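Trainee: okay, sequence plus prediction incoming.
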Amino acid sequence: MKRLLFVFILIFGVSSLFAQDKSAKDYKIEAADAYKAKDYQKGLASFEKSIQLYEADGKIDTTLYYNAAICAIKVQDYEKAVSYFDRSMELDYKACKAQLYKANALKKLDRNDEMETVCLDGVQNCPKYKSKFNELLFQNYLVAGLDIFNNAAKMQADITPLATSDPDKYTSEMEKVKAEFQKSLPLLEKAYELDSGDENVKKALSQAYEILDMQAKAAGL
């Protein structure tokens, strides 16, 4: 009797274990519910589990990668977001929107050269989101350009006392300052091309042109 009871418990326990296993579809539903509840960490984990189970069976659900990437964005796992957006683009599921979100994730990761490449491609191939890609490009060029410009302005301020105390050294150091301002121009000019009405970029460009004896360009802003 004890032996029969043991076998019954063992079979029942194994059956219960298998009964509790979830399918890829179950995890997909669980992930969608978690997303609706704004439990994005659980949503990400469930979407990933669904992906794993589908792929283990040699199947692809094109929606899962994009949704997993959105959850990854929500929990600020930008590396994972980039990876899943890449897969979504490969599968041509919401490809342009995935590309735009990928560009934003790359920006968060300070991978600005990659972001620029993604945005430039998006401008050409995703007309619906062209303005969004251009906005990201503008901010990228402006911030990078102003970083160099501000460093040049600081260098100029630091050597200003030399104008009276040591004119020769001031002239020599001013060439270094001009070289730094010159480095800012390509970035600021790209930003200006994208938004010529922005006061920050107009002001910086005007000052850089004046310092570099490019008065004609300054006057044309």
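Mentor: Perfect, I can see it now. Numbers count the residues shown, from 1 in each chain.
Trainee: which helices and strands sit right next to the helix ranked longest in the chain?
Mentor: For the chain, the longest helix by residue count, based on DSSP state H, is helix 130-159. Secondary-structure packing of helix 130-159 (3 or more CB pairs under 8 Å, 6 or more residues apart in numbering; DSSP states H and E): helix 95-108, helix 112-125, helix 167-194, helix 199-211. Backbone N, C-alpha and C define where each C-beta goes, glycine included.
Trainee: got the angle for it vs helix 167-194?
Mentor: For helix 130-159 against helix 167-194, the angle by axes from the mean of the first three to the mean of the last three CA atoms, to 10 degrees is 170 degrees.
Trainee: pLDDT of helix 130-159, averaged?
Mentor: The average pLDDT within helix 130-159 is 97.
Trainee: and if you look at stretch 167-183?
Mentor: So the average pLDDT for stretch 167-183 ends up being 96.
Trainee: domains for the protein, by residue range?
Mentor: Listed by automatic domain parsing, the domain ranges of the chain are 22-118, 135-219.
Trainee: tell me where the model's unsure across the protein.
Mentor: 1-20 (pLDDT under 70).
Trainee: list the buried residues in the longest helix of the chain.
Mentor: Buried positions in helix 130-159, judged by neighbour count with 16 or more other CB atoms under 10 Å: 132-134, 136-138, 140-142, 144-146, 148-149, 152-153, 155-156, 159.
Trainee: secondary structure class for D92?
Mentor: Each residue gets one of three states, and D92 gets coil by DSSP: H, G, I helix; E, B strand; the rest coil.
Trainee: count of residues packed around it?
Mentor: 10 (other CB atoms under 10 Å).
Trainee: excluding its backbone neighbours, what's nearest it?
Mentor: Closest residue in space to D92, ignoring its immediate chain neighbours: T62 at 7.9 Å, by CB to CB, 6 or more residues apart in numbering.
Trainee: export stretch 142-160 to PDB, keeping only CA atoms.
Mentor: C-alpha atoms of stretch 142-160 as PDB (Å, rounded to 0.1, in the frame of the first residue of the first chain):
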ATOM      1  CA  LEU A 142      24.900  71.000 -31.700                       C
ATOM      2  CA  VAL A 143      26.000  69.500 -28.500                       C
ATOM      3  CA  ALA A 144      29.300  68.100 -29.900                       C
ATOM      4  CA  GLY A 145      30.000  71.500 -31.600                       C
ATOM      5  CA  LEU A 146      29.200  73.500 -28.500                       C
ATOM      6  CA  ASP A 147      31.500  71.300 -26.500                       C
ATOM      7  CA  ILE A 148      34.400  72.200 -28.700                       C
ATOM      8  CA  PHE A 149      33.300  75.800 -29.000                       C
ATOM      9  CA  ASN A 150      33.000  76.300 -25.200                       C
ATOM     10  CA  ASN A 151      36.500  74.800 -24.800                       C
ATOM     11  CA  ALA A 152      37.800  77.300 -27.300                       C
ATOM     12  CA  ALA A 153      36.100  80.100 -25.500                       C
ATOM     13  CA  LYS A 154      37.600  79.100 -22.200                       C
ATOM     14  CA  MET A 155      41.100  78.900 -23.800                       C
ATOM     15  CA  GLN A 156      40.500  82.400 -25.200                       C
ATOM     16  CA  ALA A 157      39.400  83.800 -21.800                       C
ATOM     17  CA  ASP A 158      42.500  82.200 -20.100                       C
ATOM     18  CA  ILE A 159      45.000  83.900 -22.400                       C
ATOM     19  CA  THR A 160      43.200  87.300 -22.500                       C
END
